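Visitor: Sequence first, predicted coordinates after that:
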Amino acid sequence: MVTPTSQRHYWIFSADPHYYHWDTLFVKGKEMWHGAGSKADANRALKQVRKGDRVLCYHAAPERSIYSIAEVTRDPYPDPHDSKGKNLVADLRAFERLPRQVTLGELRANRALRKAKLLKNVRLIVSAITEEEYVEILRMAGVVAMPGIPLS
């Protein structure tokens, strides 16, 4: 089932490319993402993620850039590898590599993105963005809308 865009939410998930490179998701096609780990703020944010939401995949240092798009295929659930049952994971499906990565510097220079939570705290692992911010980042990456097919 496809989530209507009016109900879809947009996120930036961050990963350290030395520990988890977003190419892994594209090789596997679909994967359980456990990047929130035991970070309380990331798990709180992950509780709001829903099946059908779109995720911009961000590589943290040293790359510091938006790399690709993924789609959430299952609501977050307890991490099966966490014996305490406190950490959450989400299943992601590779959606699309961006034609051009968008760097943190470019994101910060764009006035339309000045309220984005990631730009206020680059250590966030899971951060919500608005549909307008999502579309603006896609525009910066070179993704263009096609007639009758919205970017979101």
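Guide: Received the coordinates, thanks.
Visitor: quick one, helices of the chain?
Guide: For the chain, the helices defined by DSSP state H cover 23-28, 40-46, 104-109, 117-120, 131-141.
Visitor: Let's have the ones you listed in JSON lines, adding distance to residue 89.
Guide: Glycine gets a C-beta too; all of them are placed from N, C-alpha and C. As requested, the helices of the chain are exported to JSON lines (distance: least, CB to CB, whole Å):
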{"stretch": "helix 23-28", "distance to residue 89": "13"}
{"stretch": "helix 40-46", "distance to residue 89": "8"}
{"stretch": "helix 104-109", "distance to residue 89": "26"}
{"stretch": "helix 117-120", "distance to residue 89": "20"}
{"stretch": "helix 131-141", "distance to residue 89": "22"}
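Visitor: Can you check which of these gets nearest to residue 87?
Guide: helix 40-46 (6.1 Å; CB to CB).
Visitor: By residue count, what's the longest strand in this protein?
Guide: Longest strand in the chain by number of residues (criterion: DSSP state E): strand 88-103.
Visitor: how much does that one deviate in direction from helix 131-141?
Guide: 50 degrees (axes from the mean of the first three to the mean of the last three CA atoms, to 10 degrees).
Visitor: Please state the mean pLDDT value computed over strand 88-103.
Guide: Strand 88-103 carries an average pLDDT of 96.
Visitor: That strand - contacts with which helices or strands?
Guide: When contacts are defined as 3 or more CB pairs under 8 Å, 6 or more residues apart in numbering; DSSP states H and E, strand 88-103 sits against helix 23-28, strand 30-33, helix 40-46, strand 65-78, helix 131-141.
Visitor: just so I know, which of the ones you listed lies nearest residue 8?
Guide: helix 131-141 (7.8 Å).
Visitor: Brilliant, that's me finished.
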